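J.: give me a 3D structure for the following:
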Amino acid sequence: QVQLVESGGGLVQPGGSLRLSCAASGVLFSINPMGWYRQAPGKQRELVARITSSGSTNYADSVKGRFTISRDNAKNTVYLQMNSLKPEDTAVYYCNAMKFMSGRYYPGEYWGQGTQVTVSS
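T.: Sure thing, here's the model as predicted:
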């Protein structure tokens with residue numbers, strides 16, 4: 001059974017930083033592309049960052065230069081370092097074990113419970 005457990009969210013002031021973690025089990029983590037998504041109230045869930053098994057990364061334009069995704073295959077954990085946070089980054093953040101099919105990446109069927117990030121003064 002696949003389990004994804006996110007942690008590290010919280011309340012932070014604009015300009016602050018947070019580091020999210022996602023511990024995975026039940027999945028061949030080392031070969032699986034992993035993604036961080038977020039969903040703000042009233043908005044669709046969106047992909048924030050993606051990392052392949054080889055460590056290649058991809059970011060949404062809105063977070064480029066501020067967020068960094070990384071992974072530790074020995075710990076089956078993926079991280080999202082978020083710097084220079086803005087109020088518009090406020091959302092529930094989810095990690096996902098993604099799929100790669102026909103040359104494209106897609107969200108996998110398993111999601112964690114999410115972790116709330118609130119950026120406010």
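
J.: hey, let's count contacts and neighbours off CA atoms from now on
T.: Noted.

J.: for V78, what is the enclosing helix or strand?
T.: Using DSSP states H and E, V78 maps to strand 77-82.

J.: elements contacting that strand?
T.: strand 18-25, strand 67-72 (3 or more Cα pairs under 8 Å, 6 or more residues apart in numbering; DSSP states H and E).

J.: mean confidence score for the next helix or strand after the longest one?
T.: Sequence-wise, the next helix or strand beyond strand 18-25 is strand 34-39, with elements assigned using DSSP H and E. Over the span of strand 34-39, the pLDDT mean works out to 97.

J.: angle of strand 34-39 against strand 67-72?
T.: Per axes from the mean of the first three to the mean of the last three Cα atoms, to 10 degrees, the angle that strand 34-39 makes with strand 67-72 is 140 degrees.

J.: skipping its backbone neighbours, what lies nearest A23 in space?
T.: T77 (4.5 Å; Cα to Cα, 6 or more residues apart in numbering).

J.: what count of nearby residues applies to the one you found?
T.: 20 (other Cα atoms under 10 Å).

J.: just the one 3 residues further on next, same as before
T.: Using other Cα under 10 Å, L80 is surrounded by 23 other residues.

J.: hang on, it packs against R66?
T.: No - in this structure L80 lies outside contact range of R66 using Cα atoms under 8 Å: 10.3 Å.

J.: how far away is the residue nearest to A23 from G8?
T.: Look at T77 and G8: by Cα to Cα, to the nearest Å, they are 13 Å apart.
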